[in-house]
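[1] sequence below, structure please.
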Amino acid sequence: MKKNIAIIMGGFSSEYEISLNSGNVVYQTLNTKKYDIYRIHIFKNKWVYVNENDDEFPVDKNDFSIIVDNKKITFHCVFNAIHGTPGEDGHMQAYLKLLSIPQTSCEMYQAALTFNKRDCLSVLKPYGIKTAASFYVNLGDKIDEDAIVKKVGLPCFVKANKAGSSFGISKVYKKELLNEAIEFAFKEDDEIIIESYLDGTEVSVGVIKYKGETKVLPITEIVSDNDFFDYKAKYLGESKEITPARISKEQEEKVIKVAKQVYDILKMTGFSRSEYIFKDGEPHLLEVNTVPGLTKASILPQQAAVAGISLSELFENAIEESLK
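    This is a model prediction of the structure:
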């Protein structure tokens, strides 16, 4: 009997359009001889199943079911393609856990932890994971520019603490511009993380659970055409993503070891993509993404392709792992 798979996409954040792209690639790629596939759009004002004709059918949130042609449909597994909240911060994971519905991303705690850059880095530091120097600001705090510059130096990065895809991020060169960057970041989140600038090669490392084993995918080097790897660089083609990365064997071995360590320390499952910058030959962790982009142009699928894993294999493996 074919399994019913719901692909959840959309979400409540600035990333919803990217999520719809990811979800539709999964929808177009999965094997319909093996699975019955349903696109589920999750928005604040509606949860709906969207069929081939773009007709919408409401989702019953009591049991995450839909009714189509007077027939009730429930799901064996949920493929999570929501970037940002509520798919990457633990909310959907917790909801589906309560309903005993398997889903393809990590568990609730891991999602909530990794989505909070400050908390994730704090948990990993005692294990010797190297990171940039950082300063934290909550909405309403008095801004002490001198203390910030003393801690992290200039230039520095001002980021929303709980937001993905480079929304709310600025590179600041002058102390006088810190307040403006902080206000910009507060438009995305009520917590800010300010980090020292690490001048070095940036790489992105995909780690997945593949056929029961933790697998590190070929490493991607990020070369932004802009001042840093911002939204335009990520999604509008203003960067070069080179897989495999042009780094030394020693650097490759170091970052593979650290990326696997991070995945295992956090007891991750499903997809992850972590970003590192090499400083003095050592990889420094920037962040961990647990629902990375899944379009053909996205970094994780590129890495899987270099590893000889097709998109259909990548997505099917995620479903089969979750069904275990």
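
[2] so for stretch 100-116, first residue to last residue, what's the gap.
    25 Å (CA to CA, to the nearest Å).

[3] excluding chain neighbours, what is closest to Tyr173?
    Pro155 (4.7 Å; CB to CB, 6 or more residues apart in numbering). (C-beta placed from N, C-alpha, C; glycine too.)

[4] tell me how far that neighbour lies from Ile194.
    Between Pro155 and Ile194 the computed distance is 11 Å (CB to CB, to the nearest Å).

[5] which one of those two has more residues nearby?
    Ile194 (25 against 16; other CB atoms under 10 Å).

[6] who does that one bridge with?
    Taking DSSP bridges as the rule, Ile194 bridges to Phe135, Val158.

[7] wait, what's in contact with it?
    134-137, 148, 152, 156-159, 178, 182 (CB atoms under 8 Å, 6 or more residues apart in numbering).

[8] and those, which is closest to Met1?
    Lys159 (46.5 Å; CB to CB).

[9] for that closest one, the count of nearby residues, please.
    By other CB under 10 Å, neighbour count at Lys159 equals 26.

[10] and the gap between it and Arg118?
    Counting by CB to CB - Lys159 and Arg118 are separated by 10 Å.

[11] circling back: make JSON lines from the contacts of Ile194 and add distance to Ile247 to it.
    What follows is the contacts of Ile194, written out as JSON lines (distance: CB to CB, whole Å):
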{"residue": "Ser134", "distance to Ile247": "25"}
{"residue": "Phe135", "distance to Ile247": "29"}
{"residue": "Tyr136", "distance to Ile247": "31"}
{"residue": "Val137", "distance to Ile247": "33"}
{"residue": "Ile148", "distance to Ile247": "31"}
{"residue": "Val152", "distance to Ile247": "26"}
{"residue": "Cys156", "distance to Ile247": "25"}
{"residue": "Phe157", "distance to Ile247": "22"}
{"residue": "Val158", "distance to Ile247": "28"}
{"residue": "Lys159", "distance to Ile247": "25"}
{"residue": "Leu178", "distance to Ile247": "33"}
{"residue": "Ile182", "distance to Ile247": "33"}
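
[12] for those residues, which one is nearest Gln261?
    Nearest to Gln261 among the contacts of Ile194, with distances taken as CB to CB, is Ser134, at 20.0 Å.

[13] what sits against the closest one?
    118, 121, 151-152, 193-196.

[14] and the gap between it and Asp54?
    Distance, Ser134 to Asp54, by CB to CB: 44 Å.

[15] also Asn4?
    20 Å.

[16] for Cys120, same thing?
    For Cys120, the distance to Asp54 - CB to CB - is 38 Å.

[17] now do Glu188
    Using CB to CB, Glu188 is found at 30 Å from Asp54.

[18] show me the contacts for the residue nearest to Leu266 when sequence neighbours are not counted.
    Nearest residue to Leu266 in three dimensions, chain neighbours excluded: Gln110, at 5.5 Å (CB to CB, 6+ apart). Listed by CB under 8 Å, 6+ apart, the contact set of Gln110 reads 90, 266-269, 290.

[19] redo that, cut-off 10 Å
    90, 93, 120, 263, 266-270, 272, 288, 290 (CB atoms under 10 Å, 6 or more residues apart in numbering).

[20] okay, and it sits in which element?
    Per DSSP states H and E, Gln110 falls inside helix 108-115.

[21] this completes my enquiry, with thanks.
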